[in-house]
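[1] Provided below are the primary sequence and the corresponding predicted coordinates.
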Amino acid sequence: MARRSMLVPMFIIGTLFFIFGFVTWLNGSLIPFLKVICDLSEFEALFVTFAFYIAYTVMALPMASVLERTGYKKGMALGLVVMAVGALLFIPAAKTAMFAIFLVALFTLGTGLTILQTASNPYIVLVGPIESAAMRISIMGLINKSAGVLAPIVFTALIFSDISLGGDMANVDKSALANQLITPYIVMAVLLTALALFVWFSSLPEIEQKGEDAYDDASIFTFPRVVLGAIALFFYVGIEVIAGDTIGLYAQSIGVRDATALTSYTMAFMVVGYLVGVFCIPKCLSQAKALLLSALGGIVLLFGVIFSSADSYAISELLWGWSGVQTLPDTITFIALLGLANALVWPTIWPLALEDLGKHTAKGSALLIIAIAGGALLPLLFGKVAESLGSMQEAYSVGILCYGVILFYAIKGHKMRSWSGDV
């Protein structure tokens, strides 16, 4: 597809990726918020991520069937409408302060995002040369995570202008605090509906997928690079969500002020990582090598999280002490730096997994989307490990397993053309 003909699709999909980021990374702020107004334990609060991300697992295949009937453009518009419904469900949730209704609202938002993700990720892969797909996804990720930087800041400014969740919440009117969610989510529903109409009437073209006749009747599970890519994505999304959504919870546990805004730090480092992808892939880094360096970097940073002191500020002072930005304990700084290690994992796994799938691309995409369940399950594992060890800091060791799986995919998994190990 010519560069000029890619501009409209890239603009529209970029807008959608901004929405993905804003809605998804609000969860990092919602976790400590709902912990307060619904009187939850740390483990219970992490059901925010479970309800949101489990929607991808439950709804990926049904939504793939919907896309086969509607096509990409109409399917994306439908996904935005479903998200608008999810946003409106926050109104009764806030009025009653019932955690169960919040979870239903989050599941509905996740369902809408499932349609959008199933369509948009392969669309970006196929809209241009496969060798530069990670660069295009990095551009989308840059937009996505820029929204992730803004979301916690906007949320904190609107909801907690005079309150710090790191302090004593005993005297806070929790009912009034919950009601402050209503107006922002009404505005979100209106904007999502308007965007749905924009996509529906846009000139977004459909992409024809040419298949390989020899594999027309093959099961998607006969392609190891797709199955192993889905497994790698499962663990990647898990550690990405742990890094982005638990940083505020951990900060709250050690008394750091403005804990709900700290997801922005992780997202900011992801933005830096995506910039590396935009400028360096494929010119300086192959997609496989970028994935390898990401996995190794994540393991090194996790050792920093686990073994650094919550009373030390040396790394934080080094990074941004000169800027006047809030300095953080080294443990939190290392958690935020995981965003840098995570940034290029999603953009590189997608093209490596979908290469040469032809007519099986839609099924491969659905399988990769199902893997987003890692964001539902692994944070709960993190919470259980934290409870059993009595230490959230040590629980970040869960992430070493995640990066280990990603490392295997970077070294061998993406090369496998058969289950016998042929590369």
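    Sure thing, it's come through. Residues are numbered from 1 along each chain as shown.
[2] neighbours of residue 260, how many?
    28 (other Cβ atoms under 10 Å). Just so you know, the C-beta spots here come from the backbone N, C-alpha and C atoms, and that holds for glycine as well.
[3] from what I see, it and residue 32 are in contact.
    Yes: with contact defined as Cβ atoms under 8 Å, residue 260 counts as touching residue 32 (5.4 Å).
[4] who's in contact with stretch 30-48?
    Applying Cβ atoms under 8 Å, 6 or more residues apart in numbering, the contact partners of stretch 30-48 are 27, 49, 97-99, 102-103, 106, 155, 159, 165, 169, 172, 174, 177-178, 245-246, 248-249, 252-253, 259-260, 379-380, 382-384, 386-387, 392.
[5] so which of those residues are in helices?
    The helices, defined by DSSP state H, take in 27, 49, 99, 102-103, 106, 155, 159, 174, 177-178, 245, 248-249, 252-253, 379-380, 382-384, 386-387, 392 from the contacts of stretch 30-48.
[6] are any of the residues you listed buried, and which?
    Among these, those classed as buried by 16 or more other Cβ atoms under 10 Å are 27, 49, 99, 102-103, 106, 155, 159, 177-178, 245, 248-249, 252-253, 379, 382-383, 386, 392.
[7] can you check the pLDDT for residue 231?
    pLDDT for residue 231: 97.
[8] how near is it to residue 40?
    According to Cβ to Cβ, to the nearest Å, residue 231 stands 31 Å off from residue 40.
[9] do residue 225 as well
    With Cβ to Cβ as the criterion, residue 225 and residue 40 are 40 Å apart.
[10] so for those two, which sits in the more crowded spot?
    Legend: neighbour count by other Cβ under 10 Å for residue 225 and residue 40, higher for residue 225 (23 against 17).
[11] tell me which element that one is part of?
    helix 224-245 (DSSP states H and E).
[12] quick one: residues in contact with stretch 99-108.
    27, 30, 34, 38, 40, 44, 47-48, 51-52, 54-55, 82-83, 85-87, 89-90, 92-93.
[13] just the residues you listed: which are in strands?
    Among these, no residue falls in strands (DSSP state E).
[14] can you select the buried ones from those in ChimeraX?
    Only the buried entries of these go into this ChimeraX selection, using 16+ other Cβ under 10 Å:
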select :27,30,34,38,40,47,48,51,52,54,55,82,83,85,86,87,89,90,93
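[15] okay, the helix holding residue 225 in PDB with CA atoms only?
    C-alpha atoms of helix 224-245 as PDB (Å, rounded to 0.1, in the frame of the first residue of the first chain):
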ATOM      1  CA  PRO A 224       4.000 -23.000  16.400                       C
ATOM      2  CA  ARG A 225       5.100 -19.400  16.000                       C
ATOM      3  CA  VAL A 226       1.500 -18.300  16.500                       C
ATOM      4  CA  VAL A 227       0.700 -20.600  19.500                       C
ATOM      5  CA  LEU A 228       4.000 -19.800  21.100                       C
ATOM      6  CA  GLY A 229       3.500 -16.100  20.300                       C
ATOM      7  CA  ALA A 230       0.200 -16.200  22.100                       C
ATOM      8  CA  ILE A 231       1.800 -17.800  25.100                       C
ATOM      9  CA  ALA A 232       4.500 -15.100  25.100                       C
ATOM     10  CA  LEU A 233       1.900 -12.400  24.800                       C
ATOM     11  CA  PHE A 234       0.000 -14.000  27.800                       C
ATOM     12  CA  PHE A 235       3.000 -13.500  30.000                       C
ATOM     13  CA  TYR A 236       3.900 -10.100  28.400                       C
ATOM     14  CA  VAL A 237       0.400  -8.600  29.100                       C
ATOM     15  CA  GLY A 238       0.600 -10.000  32.600                       C
ATOM     16  CA  ILE A 239       3.900  -8.200  33.400                       C
ATOM     17  CA  GLU A 240       2.800  -5.100  31.600                       C
ATOM     18  CA  VAL A 241      -0.400  -4.800  33.700                       C
ATOM     19  CA  ILE A 242       1.600  -5.700  36.900                       C
ATOM     20  CA  ALA A 243       4.100  -2.900  36.100                       C
ATOM     21  CA  GLY A 244       1.400  -0.300  35.100                       C
ATOM     22  CA  ASP A 245      -1.500  -1.200  37.500                       C
END
